[in-house]
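**Q** 3D model of this:
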Amino acid sequence: MAVTPLGTPILAGPGTITTALSLVGKKTGILNIVIVISIFALICFLTYMCFIYGESIEKRLKPSHIGIMTRLMGLILAVVAVQMVIEGIGGAIPIITAKAQIKA
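**A** Below you'll find the predicted structure:
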(Lines give C-alpha, C1' and ligand atoms only; values in the text may rest on other atoms or scores of the structure.)
Protein backbone atom coordinates (compact mmCIF):
# COMPACT_ATOMS: atom_id res chain seq x y z
CA MET A 1 0.00 0.00 0.00
CA ALA A 2 2.75 2.48 0.82
CA VAL A 3 4.96 1.70 -2.18
CA THR A 4 2.80 3.30 -4.87
CA PRO A 5 2.53 6.81 -3.35
CA LEU A 6 6.26 6.82 -2.60
CA GLY A 7 7.40 5.30 -5.89
CA THR A 8 5.31 7.32 -8.31
CA PRO A 9 6.79 10.78 -7.56
CA ILE A 10 10.30 9.36 -7.84
CA LEU A 11 9.61 7.83 -11.27
CA ALA A 12 7.59 10.69 -12.78
CA GLY A 13 8.26 13.58 -10.45
CA PRO A 14 10.00 16.92 -10.74
CA GLY A 15 13.44 15.32 -11.10
CA THR A 16 12.40 13.36 -14.16
CA ILE A 17 10.68 16.35 -15.72
CA THR A 18 13.66 18.61 -15.01
CA THR A 19 16.06 16.09 -16.53
CA ALA A 20 13.93 15.80 -19.66
CA LEU A 21 13.71 19.58 -20.03
CA SER A 22 17.43 19.94 -19.46
CA LEU A 23 18.31 17.34 -22.09
CA VAL A 24 15.88 18.68 -24.68
CA GLY A 25 16.64 22.33 -23.91
CA LYS A 26 20.27 22.11 -24.96
CA LYS A 27 19.47 21.13 -28.55
CA THR A 28 15.90 21.58 -29.72
CA GLY A 29 16.08 19.58 -32.96
CA ILE A 30 13.40 16.98 -33.62
CA LEU A 31 16.00 14.19 -33.65
CA ASN A 32 17.19 15.14 -30.16
CA ILE A 33 13.62 15.19 -28.85
CA VAL A 34 12.92 11.75 -30.35
CA ILE A 35 16.13 10.36 -28.83
CA VAL A 36 15.28 11.69 -25.36
CA ILE A 37 11.72 10.31 -25.57
CA SER A 38 13.06 6.94 -26.75
CA ILE A 39 15.56 6.76 -23.90
CA PHE A 40 12.85 7.61 -21.36
CA ALA A 41 10.61 4.92 -22.88
CA LEU A 42 13.43 2.38 -22.58
CA ILE A 43 14.04 3.38 -18.96
CA CYS A 44 10.32 3.06 -18.22
CA PHE A 45 10.32 -0.44 -19.75
CA LEU A 46 13.42 -1.48 -17.76
CA THR A 47 11.88 -0.09 -14.57
CA TYR A 48 8.69 -2.02 -15.25
CA MET A 49 10.70 -5.21 -15.74
CA CYS A 50 12.54 -4.59 -12.47
CA PHE A 51 9.22 -4.16 -10.68
CA ILE A 52 7.81 -7.34 -12.19
CA TYR A 53 10.89 -9.50 -11.60
CA GLY A 54 12.15 -7.70 -8.49
CA GLU A 55 11.76 -10.63 -6.11
CA SER A 56 13.59 -13.08 -8.34
CA ILE A 57 16.37 -10.54 -8.98
CA GLU A 58 16.73 -9.95 -5.24
CA LYS A 59 16.95 -13.70 -4.54
CA ARG A 60 19.84 -14.04 -7.00
CA LEU A 61 21.86 -11.14 -5.57
CA LYS A 62 23.89 -11.24 -2.38
CA PRO A 63 23.25 -8.55 0.25
CA SER A 64 26.70 -7.09 -0.43
CA HIS A 65 25.82 -6.69 -4.12
CA ILE A 66 22.61 -4.88 -3.24
CA GLY A 67 24.59 -2.58 -0.93
CA ILE A 68 27.08 -1.80 -3.68
CA MET A 69 24.30 -1.02 -6.17
CA THR A 70 22.59 1.23 -3.62
CA ARG A 71 25.78 3.20 -3.05
CA LEU A 72 26.46 3.50 -6.79
CA MET A 73 22.95 4.78 -7.46
CA GLY A 74 23.38 7.32 -4.65
CA LEU A 75 26.66 8.46 -6.21
CA ILE A 76 25.06 8.83 -9.64
CA LEU A 77 22.19 10.81 -8.12
CA ALA A 78 24.66 13.10 -6.34
CA VAL A 79 26.62 13.70 -9.56
CA VAL A 80 23.45 14.60 -11.48
CA ALA A 81 22.37 16.94 -8.68
CA VAL A 82 25.74 18.72 -8.59
CA GLN A 83 25.74 19.11 -12.38
CA MET A 84 22.25 20.61 -12.31
CA VAL A 85 23.27 23.04 -9.56
CA ILE A 86 26.35 24.09 -11.53
CA GLU A 87 24.28 24.65 -14.69
CA GLY A 88 21.68 26.58 -12.69
CA ILE A 89 24.26 28.87 -11.10
CA GLY A 90 25.97 29.33 -14.48
CA GLY A 91 22.65 30.33 -16.05
CA ALA A 92 21.80 32.70 -13.20
CA ILE A 93 25.19 34.38 -13.10
CA PRO A 94 26.47 34.84 -16.67
CA ILE A 95 29.99 35.89 -15.60
CA ILE A 96 30.67 32.40 -14.21
CA THR A 97 29.74 30.85 -17.55
CA ALA A 98 31.93 33.35 -19.42
CA LYS A 99 34.96 32.60 -17.20
CA ALA A 100 34.48 28.86 -17.64
CA GLN A 101 34.39 29.24 -21.43
CA ILE A 102 37.55 31.35 -21.42
CA LYS A 103 39.46 28.70 -19.41
CA ALA A 104 38.27 25.87 -21.67
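**Q** now the strands: where do they sit in this structure?
**A** Per DSSP state E, the chain carries no strands over any range.
**Q** tell me where it has helices.
**A** Taking DSSP state H to define them, one finds helices in the chain at 3-12, 14-26, 30-52, 54-60, 63-92, 94-103.
**Q** where among the ones you listed is average confidence lowest?
**A** Lowest mean pLDDT within the helices of the chain: helix 3-12, a mean of 56.
**Q** coming back round to it: turn the helices of the chain into TSV, including mean neighbour count.
**A** All C-beta atoms are positioned from the backbone trio N, CA, C, and that covers glycine. Listed next are those as TSV, based on neighbours: other C-beta atoms under 10 Å:
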stretch	mean neighbour count
helix 3-12	10
helix 14-26	13
helix 30-52	11
helix 54-60	9
helix 63-92	11
helix 94-103	10
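**Q** how close does residue 91 get to residue 17?
**A** Note on residue 91: its distance to residue 17, by C-beta to C-beta, to the nearest Å, is 17 Å.
**Q** my bad, residue 23
**A** With distances defined as C-beta to C-beta, the gap from residue 23 to residue 17 amounts to 11 Å.
**Q** same check, this time on residue 49
**A** In this view, residue 49 and residue 17 are 23 Å apart by C-beta to C-beta.
**Q** next: residue 86.
**A** Residue 86 is 19 Å from residue 17, by C-beta to C-beta.
**Q** contacts for stretch 34-45, please.
**A** With C-beta atoms under 8 Å, 6 or more residues apart in numbering as the contact definition, stretch 34-45 has outside contacts at 11, 16, 20, 23-24.
**Q** quick check, nearest of those residues to residue 59?
**A** Nearest to residue 59, judged by C-beta to C-beta, of those is residue 11 at 23.4 Å.
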